[in-house]
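Chemist: Task: produce atomic coordinates for the following.
(one chain, ligands or ions: 1)
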Amino acid sequence: MNVKIFDTPAQVASALARRVADALREKPDVVLGLPTGRTPVAMYAELRRLHAAGEVDFGRAVTFNLDEFAGVDASHAGSFRRFMEQHLFAAVNLAPQRIHFLNGAAADLDAECKRYEQEIEATGGIDLQILGIGANGHIGFNEPGDELVSRTHRVTLAETTRRDNAALFRGDPSRVPREALSMGMGTILKAATLILVAMGARKAPCIERTINGPLTPHLPASFLQLHRRAELYLDRDAASLLTTRSVR
Ligand code: F6R
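Modeler: Modelled structure (predicted):
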């Protein structure tokens with residue numbers, strides 16, 4: 001894995017935004033896989049700024065988001081779809097038909113997962129997938145456990161994940177849905193390039209195990225070791241448990 005360590009979270013965000021901007025310049029119809037959460041907020045702000053400055057054109061790009069809560073529709077204040085509208089979609093020139101999202105309010109959630117998987121396939125696959133990591137090592141909403149599901153599927157969220165997402169649901173973890181829909185680890189690993197982003201000391205133990213630990217479904221992020229083009233963008237705190245040797 002190609003590990004890049006930056007002094008500050010702001011530097012991570014601007015390097016990432018530049019990386020996405022470069023991908024858009026090289027391939028204007030690039031297929032992007034996008035995360036939500038606290039980690040990418042500053043990157044999206046920088047992309048909005050670059051777009052406003054005429055430096056980034058999303059006109060031919062296609063996006064697929066990683067996951068969505070079950071039982072919430074796109075207009076729900078806690079939905080990841082709303083998050084993306086606020087942080088990116090409303091401010092850039094991405095046509096609605098180029099934005100792909102799991103519909104957490106679909107009547108048949110299993111069919112919705114199949115539809116999403118087929119849409120990714122039909123687009124020719126994801127070129128550049130950006131990922132955050134849960135403090136418990138989850139990727140997308142692939143939670144640690146005895147086994148992982150390869151394709152897009154329904155997930156039961158870990159209690160820690162529900163707590164971590166409480167801010168989207170008026171600060172009340174009990175309001176966070178118990179289930180979500182998520183791309184599977186197999187779906188994610190099919191992307192041509194993966195970029196895992198982590199900031200802050202809370203992520204440091206999982207980052208160390210992601211790079212140096214064994215492959216295990218108890219740390220879904222460890223499966224990134226199997227990918228031929230996986231990049232890690234870390235701030236100093238998230239990288240604090242890595243030794244020089246492991247970084248090399
Ligand atoms: C969100 C997602 C999650 C987050 C992870 C980290 O779409 O897929 O895996 O990336 O929970 O969240 P933050 O960035 O809030 O620490």
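
Chemist: make it CA atoms for all contacts and neighbour counts henceforth
Modeler: Noted.

Chemist: Residue 185 and residue 141 touch, don't they?
Modeler: No. Assessed by Cα atoms under 8 Å, residue 185 is found out of contact with residue 141, at 9.4 Å.

Chemist: Comparing those two, which shows the higher neighbour count?
Modeler: Per other Cα atoms under 10 Å, whichever of residue 185 and residue 141 has more neighbours is residue 141, with 28 against 23.

Chemist: Would you enumerate the residues in contact with that one?
Modeler: Residue 141 makes contact with 67, 155, 157, 180, 181, 182, 183, according to Cα atoms under 8 Å, 6 or more residues apart in numbering.

Chemist: can you name the two of those residues that are farthest apart?
Modeler: Greatest spacing in those, by Cα to Cα: 157 and 183 (13.7 Å).

Chemist: what's the longest helix seen in the chain in contact with?
Modeler: For the chain, the helix that runs over the most residues, judged by DSSP state H, is helix 9-26. If you take Cα under 8 Å, 6+ apart as the criterion, helix 9-26 is touched by 6, 30, 40, 42-44, 46-47, 55-58, 61, 199, 233-235.

Chemist: So which of those residues are in helices?
Modeler: Using DSSP H, the contacts of helix 9-26 in helices are 42, 43, 44, 46, 47.

Chemist: Would you mind naming the helix or strand containing residue 197?
Modeler: strand 193-198 (DSSP states H and E).

Chemist: Tell me which strands that strand pairs with, and in which orientation.
Modeler: When pairs are called by DSSP bridges, strand 193-198 turns out to pair with strand 128-131 (parallel), strand 230-235 (parallel).

Chemist: Those into TSV, with extra columns for distance to the ligand and mean pLDDT?
Modeler: Below are the strands paired with strand 193-198 laid out as TSV (distance: least, Cα to the nearest ligand atom, whole Å; pLDDT from 0 to 100):
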stretch	distance to the ligand	mean pLDDT
strand 128-131	6	98
strand 230-235	12	98
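
Chemist: got those as a markdown table, with mean neighbour count and distance to residue 22 columns?
Modeler: A markdown table is the format used below for those (neighbours: other Cα atoms under 10 Å; distance: least, Cα to Cα, whole Å):
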| stretch | mean neighbour count | distance to residue 22 |
| --- | --- | --- |
| strand 128-131 | 23 | 11 |
| strand 230-235 | 22 | 15 |
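
Chemist: Please consider this matter closed, and thank you.
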